[in-house]
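Engineer: okay, predicted coordinates and the sequence, questions at the end:
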Amino acid sequence: MIAPFLAATHVTPLGEGRYRSRFEAPWYQGRGAYGGVVAGQILRAMEHVVADPDRPLRSFTVHFCAPATEGEAEVRVRIERSGKLVTHATARTENAAGVVSFATATFGTPRPTTPRYLDAKRPVAPAPSEVSVVPEEVPMPTFCQFFEYRFCVGSAPYSASEPRLGGWIRPKGEPLALDAALCVGLLDAYPPSVLCSLSELRPVASVDFTVHFFHALPRPGDRPGEHYLRTGVSRWAGEGFAEDLQELWSEEGELIAQCRQCIAVLG
């Protein structure tokens, strides 16, 4: 059995940078598949084209142009430039209705002579074992059935309070090692923080997001099935949009990646 997230982000090479993919209704959030699956498919295709484990993903941006509706799609990857240490790539996903998403990525060889520091501190949070798993009967988007949630940071959606929320998360089913695609999937799997500021149900949609990776993934020594702390905070909302700054932390307190997202608040 293939782990659900791996199956959902699988792409089949067709040659010349083209890949067949498929979106399924169980992964829906609203009218199409949630952004983590859309982005995950693109990353699988990009990494296959770059084909260089010594040149890990450093930055990834994806624009969500239309809902990723159920059925087949095609991912097209183009290497824009590959230099001595850095590769720049672009990709687009298209289905029968047109463009679903457009993405850019930067892959870079480590530079061991540069400075090394980290000022960011992981938010205070109880250990995963001290937090109850969110029951399956709690209303959440369809795709959430594939993840184990342990909310423990910030507020609850629609609580008319501080726009900050997060908690521990990991995929359900077969334990997976954290690669770049799963990292993006976990970052995008929690509700947007702006929902905490609202007092009634409002639909939202991701316009785009940019992820910066602070480690080559998978990291040496990572254990498949680990919990990761995903945090999010929104510091601005207006004119029907909101920003969301998200982080993914290891249980040991290592900052793995950071995501800045633009959210459309609909309705």
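Structural biologist: Yep, that arrived.
Engineer: mind listing what's buried in stretch 140-154?
Structural biologist: Residues Met140, Phe143, Cys144, Phe146, Phe147, Glu148, Tyr149, Arg150, Phe151, Cys152, Val153, Gly154 are the ones in stretch 140-154 that count as buried (16 or more other Cβ atoms under 10 Å). All C-beta atoms are positioned from the backbone trio N, CA, C, and that covers glycine.
Engineer: most widely separated two among those?
Structural biologist: The distance between the two most remote of these (Cβ to Cβ) is 22.6 Å, for Phe146 and Gly154.
Engineer: middle-most residue in the protein, spatially?
Structural biologist: By Cα atoms, centre = their mean, the chain has its centre lying nearest to Val184, at 2.4 Å.
Engineer: can you check the pLDDT for Ile2?
Structural biologist: The model reports Ile2 with a pLDDT of 80.
Engineer: ok, back up a step: is the residue nearest to the centre of the chain in a helix, a strand, or coil?
Structural biologist: The three-state assignment at Val184 reads helix, by DSSP: H, G, I helix; E, B strand; the rest coil.
Engineer: in contact with it, which residues?
Structural biologist: The contact partners of Val184, taken as Cβ atoms under 8 Å, 6 or more residues apart in numbering, are Gly36, Ala39, Gly40, Leu43, Phe60, Val211, Ala257, Cys259.
Engineer: please name the spatially closest residue to it (chain neighbours excluded).
Structural biologist: Nearest non-adjacent residue to Val184, counting by Cβ to Cβ, 6 or more residues apart in numbering: Ala39, 4.8 Å away.
Engineer: in three-state terms, label the one you found for me.
Structural biologist: Using three-state DSSP, the structure places Ala39 in helix.
Engineer: from Pro13, how far out is it?
Structural biologist: Using Cβ to Cβ, to the nearest Å, Ala39 is found at 19 Å from Pro13.
Engineer: between these two, which one's more packed in?
Structural biologist: Shown here are Ala39 and Pro13; by other Cβ atoms under 10 Å, Ala39 has more neighbours (28 against 12).
Engineer: so the residue nearest to Ala3 when sequence neighbours are not counted, which state does it fall into?
Structural biologist: Leaving aside its chain neighbours, Ala3 sits nearest to Glu174 (4.2 Å; criterion: Cβ to Cβ, 6+ apart). Of the three states, Glu174 takes coil according to three-state DSSP.
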